[in-house]
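Participant: 3D, please:
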Amino acid sequence: MRTLSWHRVAPAFILFALCGFPGLASTGIRAAETSPALPENWEARSLLRDTIFAPVGDAARHARVIVTQSNGGGQVSFRVDAQSGALYLVFANQEGRSFPVAGAGTFIIKRSLKDGSFLHAKVFVQNDPGCFLRLFPSNDRTVMDVFLSGEPFLSQVVLPVAFERLLTAPLARIMDLTGNSIDWSLLLAPSRGAGDIRLAQVALAVRARLSSLRDMDDGAMDSIGRMVYIASGAPAGAGGFNCSGFAKWIVDGFYAPLVGKNTDIAALKSRDAMRGNRWSSRYEEELDPYFGLDWTRGLARSIAQARTGAVLTDEDLDVRDADHVAYTRDTGYPVPRLRALLYFLARERPGTIYLGSVNAASQEASQEGTPTLRQHHHVIVLLPFFDANGDFQVVVLERNTETSLASLTRRYGKEYVHLVHLDSTGEFSLPQIE
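Facilitator: Residues are numbered from 1 along each chain as shown. Below you'll find the model as predicted:
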């Protein structure tokens, strides 16, 4: 493996690169609005310009090299990879001691092995494999699609520059060309805020207690700190938590410091007259299909009332106004789309905790010609935040353990999750368990 230095590039070429893209000086301001900034590797791409545009067979034989960029631009790994009839030219920025492919600023050029034509370029805009741009040649212009958290965000954004010119251009040039049509502050990693720090601290506090928790069906802690059965309220001895009791315990970490006691189980179990219909009412006692929905709304309503004195409506509590993922009343959102939804929510409402009620079509109530009854059978707690590096994190807490969005999707990939929100401000002190 060879190491190349940017200082070997002729000064005249540097001047050409800068002068060839008007408006470059102003793009530094736009990029600086979001921190950490998107790492650049255009110097490395410019140095290897001859390889990028070489006959595809010659390009495929290029050895891996490490390029040292000027002005503190950092090192860049360049390698080629041939697979599935295409040649990939990968420019990956250094992060720590490695060069992650799915790292912010990585620039991947795809060429056809058959005829050498350029197929597209992929640019990661965060340290996240689901956050990237994809650029396509379109005559003398370039067309760009944008993906965030693995979901299509924008498509067919036209850049009035030939695709080939962008292959050695600064990423700031792409931002400058699309500044009027794309909110780049939403695409790039944000700086860590107070809300992100609070959620990280809540996650640490809960993690520290997980090993001491006991698991028990129908288990929760009542308003005075006794372990009880949710259905009857009867004492449960040493007891433990099910998914609902565990979520309640976390919310009580905010609630008890405000009012001096935990949330009331009877109030949380109260059935919400605003959901369901006359057809579903006959299943209330037999199946209790909306238990998780009523419970999560009850928890969010309790903490909001303790903080403000106001009794909030379901519409106030629910996450219904997400612009990027469609909401279904009393059902919520598809579980596989949670990461994308939470990404946007974390950008728009930093420091917010979400209680989720996982639900699926009830098998017991399914009859031909009847409406679908959703069974809200599982409760989860979600903490979405950006860490110190600006990387998006989602802490998933459910039934006395920490899991992940990937785990949720494996288990409930065909189901939905309804979300309510609560703020993370104020004292947080988890109730002690005897």
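Participant: tell me which residues touch Glu427, please.
Facilitator: Applying Cβ atoms under 8 Å, 6 or more residues apart in numbering, we find Glu427 in contact with Phe254, Pro257, Leu258. C-beta: built from backbone N, CA, C; applies to glycine.
Participant: go on, Ala304?
Facilitator: Contact partners of Ala304, counting by Cβ under 8 Å, 6+ apart, are Ala310, Leu312, Asp316, Leu317, Leu422.
Participant: which of those count as buried?
Facilitator: Neighbour-count burial (16 or more other Cβ atoms under 10 Å) applied to the contacts of Ala304 gives Leu312, Leu317, Leu422.
Participant: so which helix or strand of this structure has the lowest pLDDT on average?
Facilitator: Least confident helix or strand, the chain: helix 24-32 with a mean of 28, by mean pLDDT, DSSP states H and E.
Participant: follow-up on the earlier one: which two from the contacts of Ala304 end up farthest apart in space?
Facilitator: Greatest spacing in these, by Cβ to Cβ: Ala310 and Leu422 (13.6 Å).
Participant: assign the residue nearest to Gly351 when sequence neighbours are not counted to helix, strand or coil.
Facilitator: The shortest distance from Gly351 to any non-neighbouring residue, by Cβ to Cβ, 6 or more residues apart in numbering, is to Gly195 (2.2 Å). For Gly195, the assignment made with DSSP: H, G, I helix; E, B strand; the rest coil gives helix.
Participant: which one of the buried ones among the contacts of Ala304 sits closest to Asp128?
Facilitator: Leu422 (26.0 Å).
Participant: identify the bridge partners of the closest one.
Facilitator: Counting by DSSP bridges, Leu422 is bridged to Ile353.
Participant: wait, it touches Ala300, no?
Facilitator: Yes. The criterion here is Cβ atoms under 8 Å, and Leu422 meets it with Ala300 at 4.9 Å.
Participant: how is the protein carved up into domains?
Facilitator: 2-187, 194-423 (automatic domain parsing).
Participant: now the shortest one, how far from the centre of its chain.
Facilitator: For domain 2-187, the separation from the chain centroid amounts to 23 Å (computed by Cα atoms, centre = their mean, to the nearest Å).
Participant: buried ones in stretch 345-355?
Facilitator: The neighbour-count check on stretch 345-355 (16+ other Cβ under 10 Å) flags Leu345, Ala346, Arg347, Pro350, Gly351, Thr352, Ile353, Tyr354, Leu355 as buried.
Participant: so which helix or strand takes in the third one?
Facilitator: Arg347 is part of helix 338-348 when elements are defined by DSSP states H and E.
Participant: show me what that helix is in contact with.
Facilitator: 130, 148-151, 186, 190, 196, 319, 322-325, 333, 352, 354, 382, 384-386, 392, 394, 405, 408-409, 417, 419.
Participant: export that helix as PDB, just CAs?
Facilitator: What follows is helix 338-348, C-alpha atoms only, in PDB (Å, rounded to 0.1, in the frame of the first residue of the first chain):
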ATOM      1  CA  LEU A 338     -39.100   3.900  13.500                       C
ATOM      2  CA  ARG A 339     -35.500   4.900  12.900                       C
ATOM      3  CA  ALA A 340     -36.400   7.300  10.200                       C
ATOM      4  CA  LEU A 341     -39.300   8.700  12.200                       C
ATOM      5  CA  LEU A 342     -37.200   9.100  15.400                       C
ATOM      6  CA  TYR A 343     -34.400  10.800  13.500                       C
ATOM      7  CA  PHE A 344     -36.600  13.600  12.400                       C
ATOM      8  CA  LEU A 345     -38.300  13.800  15.800                       C
ATOM      9  CA  ALA A 346     -34.900  14.100  17.500                       C
ATOM     10  CA  ARG A 347     -34.000  16.900  15.200                       C
ATOM     11  CA  GLU A 348     -37.300  18.700  15.700                       C
END
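Participant: span of stretch 216-227 from start to end?
Facilitator: Stretch 216-227 has an end-to-end distance of 10 Å (Cα to Cα, to the nearest Å).
Participant: could you pull up phi and psi at Met175?
Facilitator: Main-chain dihedrals, Met175, degrees, to the nearest 10: phi -60, psi -40.
Participant: burial of it, as a residue count?
Facilitator: Residues lying near Met175 (other Cβ atoms under 10 Å) number 20.
Participant: before we move on, the earlier item: closest to Tyr88 out of the contacts of Ala304?
Facilitator: Closest approach to Tyr88 among the contacts of Ala304 (Cβ to Cβ): Leu422, at 44.8 Å.
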